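Asks: The sequence isn't on hand, but the structure is:
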């Protein structure tokens, strides 16, 4: 499907080029054809594509290789993340709308956007509870037929939507735990305020079938894990405010690895610390973990980084340090085997693109969205 | 009587007329004039003091010594603030701008007051129902915790229990003194 | 708007109480860890934020009710030690459920510690079970 589109597009471009070549001759002709304009369709997103998100506007889609913007998907003022379903060529966008903009009747929906035309093609209404927190894990797939949406009222729950039948299935109360981090086998993981993780499984109809909790492994007051978890095969990587790395592996049971520290004694003595809005990223193919680092005291977990540090998770060693020209609070990595590293900076925010394995700067994409603050790799 | 108390007494004696209109006005005068910060004046004022004349005596006995400019992100009450300062948006640090709605549901942290060295409970209530004010953005994270622990997280749109959850700005109310920061 | 005014008054009332009570530790701990959502007077914002008025007093008298109160996430996860948490529970019950408490034995740090770490995985279900057959059931939905 994607290749067909690409071929069409290539042919069309070729046509334009031919037309340009013969233009002088054509101009003299009486039968000059005026340009009528047209509307592009989007290619199938490549492994180096990403979307930027920000308060009150986001959804700008970029190709990290060419640096070109490829399109924009509609978002609501309260949309903080979306999910690209490659199988169905659909982008699901959760959103909240008021009949009069900021007031009036509230409607919460998941809008189904065609990934080629970027046009809304369907929507499913969900409970008026969608959480407004800037976070990737407010929407994620659960199995191949459902998506989960994170609610906060401030009581926490997850709404389940059947994307095949395009309907709301139900709401699962998850008091004390938040987010939707997908796992194999129609399950998802959540982070909990008592220092545990929770795993909830759905049955074939999207109803809750199982609920498990891990042992407590971190201290919410002493050294909590960031709410950003990083996908690895069969589980998630978690990083604490103080730089401890935990690997959560979920098979039949929930296993938590012994933590290791991002910081050597020397680093800690120099006051290095992880921080930012989206302070780290992981590429599972290469096993590389990228963190934004700054020098600061306790409670500076959201201060922007002055350097990127790259780690090999299997050896637990640092590979390189990359000083940044301007501090950045947002970093992301593509998910393929030849990953790009995206570092956001400036205002309006641009994205600096690096070869992730070497840390070599490739190019900078300017103006990635007026309010862009987060990056989501496709 | 210490210096603070003297200043405090003078402040209160000087605004008798003003206070009958309620603290909303008082607070507005204080921050709109901005003398708190601009002159670097130490003033004893009114965080937890949206008080009517009838209760003034009780309030005066427990007034909070104040220091700093509520229009500045450095102001002590904003130690875990996330959002736009309402004092820059037509409100004050304790009152919402016209036409917005004060969110009853909020989160509570503690900040240390430099004027007396004591810790106070601060309630960060959002003012809701209009587009984001966009002025005086302020982001500080003392004692801030991750989102999955909502009662201590400022990275949440806290417009709960309001007609609309459109975010406009945030106020910082003092609830009480405490000897246990956290 | 009417509701907002009422809420604001509730807040004011709370502040007035605040002025004279900084020494009352459990109340301050309640304000710091609970009142953000459940409000200073315990009224909450139903149905999303349960009220703490009257209902916890009734629940405390039910079989398994005291355990439940200790184990619900808002209580169990609160950032304080067992003794302080016991104090907050006692304050909450005595202040907001005075009429429902009948021969109430205050919570101790020991009792809180005994149940607190036994994670209540699905509080809503536990609550429904607890109230099954009880008159509160209808209100619980």
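Replies: Structure's in. What do you need? Just so it is clear, the structure is predicted and the values come from calculations on it, not from any experiment.
Asks: Chain neighbours aside, what residue packs nearest to the residue in the stretch 251-378 of chain A positioned nearest to chain C?
Replies: Distance from chain C to each residue of the stretch 251-378 of chain A (Cβ to the nearest Cβ) is smallest for residue A:254, at 12.5 Å. The way it works is simple: take the backbone N, C-alpha and C, and place the C-beta from them, glycine included. For residue A:254, ignoring the flanking residues on the chain, the nearest one in space by Cβ to Cβ, 6 or more residues apart in numbering or on different chains is residue A:214 at 4.2 Å.
Asks: Look at residue C:95 and tell me its secondary structure.
Replies: Here residue C:95 is helix, with the state taken from DSSP: H, G, I helix; E, B strand; the rest coil.
Asks: Helix, strand, or coil at the nearest residue to it once chain neighbours are set aside?
Replies: Nearest non-adjacent residue to residue C:95, counting by Cβ to Cβ, 6+ apart: residue C:42, 6.9 Å away. Put simply, residue C:42 is coil when judged by three-state DSSP.
Asks: is stretch A:356-372 anywhere near chain B?
Replies: No. Contact of stretch A:356-372 with chain B (Cβ under 8 Å from any Cβ of the partner chain) is absent, the minimum separation being 9.7 Å.
Asks: Relative to the whole chain's centre, how far out is that stretch?
Replies: Its chain's C-alpha centre lies 15 Å from the corresponding centre of stretch A:356-372 when counted by Cα atoms, centre = their mean, to the nearest Å.
Asks: tell me how far the ends of that stretch are from each other?
Replies: From its first residue to its last, stretch A:356-372 covers 22 Å (Cα to Cα, to the nearest Å).
Asks: what number of residues lie near residue A:228?
Replies: 24 (other Cβ atoms under 10 Å in any protein chain shown).
Asks: Doesn't it belong to a strand?
Replies: No. Secondary structure of residue A:228 (three-state DSSP): coil, not part of a strand.
Asks: how about it, what does it touch?
Replies: A:135-137, A:239, A:278-280 (Cβ atoms under 8 Å, 6 or more residues apart in numbering or on different chains).
Asks: Please apply the same query to residue A:207.
Replies: Counting by Cβ under 8 Å, 6+ apart, residue A:207 has contacts A:160, A:169-170.
Asks: same thing but 10 Å
Replies: For residue A:207, the contact set (Cβ atoms under 10 Å, 6 or more residues apart in numbering or on different chains) comprises A:160, A:169-170, A:172.
Asks: Then residue C:44?
Replies: With contact set as Cβ under 10 Å, 6+ apart, residue C:44 has these partners: B:104-105, B:161, C:34-35, C:37-38, C:50-53, C:55.
Asks: what does residue B:129 give?
Replies: Contacts of residue B:129 (Cβ under 10 Å, 6+ apart): A:98, A:102-103, B:96, B:99-103, B:159, B:162-168, C:4.
Asks: Against residue A:110, how distant is residue B:119?
Replies: Distance, residue B:119 to residue A:110, using Cβ to Cβ, to the nearest Å: 43 Å.
Asks: Could you check which of those two is surrounded by more residues?
Replies: Per other Cβ under 10 Å, whichever of residue B:119 and residue A:110 has more neighbours is residue A:110, with 24 against 18.
Asks: give me the element that one is part of.
Replies: strand A:106-114 (DSSP states H and E).
Asks: hmm, that strand in reach of chain C?
Replies: No. Strand A:106-114 lies out of reach of chain C by Cβ under 10 Å from any Cβ of the partner chain, never closer than 13.8 Å.
Asks: quick one: the helix or strand just after that strand near chain C?
Replies: Sequence order places strand A:120-126 as the next helix or strand after strand A:106-114, per DSSP H and E. No. Counting by Cβ under 10 Å from any Cβ, chain C has no neighbours in strand A:120-126; the shortest distance is 15.4 Å.
Asks: Just the buried residues of strand A:120-126, please?
Replies: Neighbour-count burial for strand A:120-126 flags A:123-124, A:126 (criterion: 16 or more other Cβ atoms under 10 Å in any protein chain shown).
Asks: quick check: mean pLDDT across the next helix or strand after that strand?
Replies: Per DSSP H and E, the first helix or strand lying C-terminal to strand A:120-126 is strand A:139-142. The predicted model assigns strand A:139-142 a mean pLDDT of 98.
Asks: and chain B, which of the contacts of residue A:228 reach it?
Replies: Within the contacts of residue A:228, those near chain B by Cβ under 10 Å from any Cβ are A:135, A:137.
Asks: can you pull out the strands in the stretch 101-250 of chain A?
Replies: Using DSSP state E, counting those that start in this stretch, the strands found in the stretch 101-250 of chain A span residues A:106-114, A:120-126, A:139-142, A:146-152, A:156-162, A:167-173, A:177-183, A:187-192, A:197-202, A:208-213, A:230-232, A:235-239, A:244-250.
Asks: Can the longest one be said to contact chain B?
Replies: Think strand A:106-114. Yes. For strand A:106-114 and chain B, the contact criterion (Cβ under 10 Å from any Cβ) is met by residue A:106.
Asks: That strand pairs with which strands?
Replies: strand A:90-98 (antiparallel), strand A:120-126 (antiparallel) (DSSP bridges).
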